[in-house]
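K.L.:
give me a 3D structure for the following:
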Amino acid sequence: MKIIECWDIQVWDGGDRHYHKHYVATKEAADAWKAKHQFDNVSKLRLVIFDNMDELNDYDLGEARKRALAKLTAEEKIALGIND
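P.N.:
I've put the predicted structure just below:
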C-alpha cells in the first residue's frame, strides 16, 4: 500500500467552472500558485494505492472501526474494555 498526499490545482475558466491543471507535492508550491492565481482552487488530495484486494479489505475494515470507535463515549469504551 502506498499513500500519496499532494495538492490538486484547478484553474478557473472565467465562468462557473474549475478544471484540473496540475498536482504538486508540497503545500508551499500550492500556496505559491494560489498567490499568483487568486481565482483558481487548490485542495489537498490523499491517494491510497493498494497492492491487492486483501489490503483494500483490511483498510476498509480499519476505517470502519475508526468511525465506530469515534462514536463511543469514554464511558462506553470503558464498559467495552477498549483502551484507546
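
K.L.:
all contacts plus neighbour counts: C-alpha atoms, from now on.
P.N.:
Noted.

K.L.:
okay, now the unreliable bits of the protein?
P.N.:
Under the criterion of pLDDT under 70, the regions of the chain flagged as low confidence span 84.

K.L.:
which parts of it are helices?
P.N.:
Applying DSSP state H to the chain gives helices spanning 27-36, 53-71, 74-80.

K.L.:
ok, Cys6 - contacts?
P.N.:
Cys6 makes contact with Tyr23, Val24, Ala25, Thr26, Lys27, Lys44, Leu45, Arg46, according to Cα atoms under 8 Å, 6 or more residues apart in numbering.

K.L.:
in strands only, show me the residues you listed.
P.N.:
In strands, defined here by DSSP state E, the members of the contacts of Cys6 are Tyr23, Val24, Lys44, Leu45, Arg46.

K.L.:
isn't the fourth one right next to Ile3, touching?
P.N.:
Spelled out, it's Leu45. No - under the criterion of Cα atoms under 8 Å, Leu45 is not in contact with Ile3, lying 10.4 Å apart.

K.L.:
one step back: of the contacts of Cys6, buried ones?
P.N.:
Tyr23, Val24 (16 or more other Cα atoms under 10 Å).

K.L.:
ok, the contacts of Cys6 vs Glu75, which is closest?
P.N.:
Checking the contacts of Cys6 against Glu75 with Cα to Cα, the nearest one is Arg46 at 33.2 Å.

K.L.:
bridging residues for the closest one?
P.N.:
Taking DSSP bridges, one finds Glu5 as the beta-bridge partners of Arg46.

K.L.:
domain ranges for this protein?
P.N.:
1-49, 51-84 (automatic domain parsing).

K.L.:
now do the end-to-end distance for the first one.
P.N.:
The stretch domain 1-49 measures 5 Å between its terminal residues, going by Cα to Cα, to the nearest Å.

K.L.:
how much space between the most centrally placed residue in the chain and Met1?
P.N.:
When the chain is reduced to its mean C-alpha position, the nearest residue by Cα atoms, centre = their mean turns out to be Arg46, at 3.8 Å. Using Cα to Cα, Arg46 is found at 13 Å from Met1.
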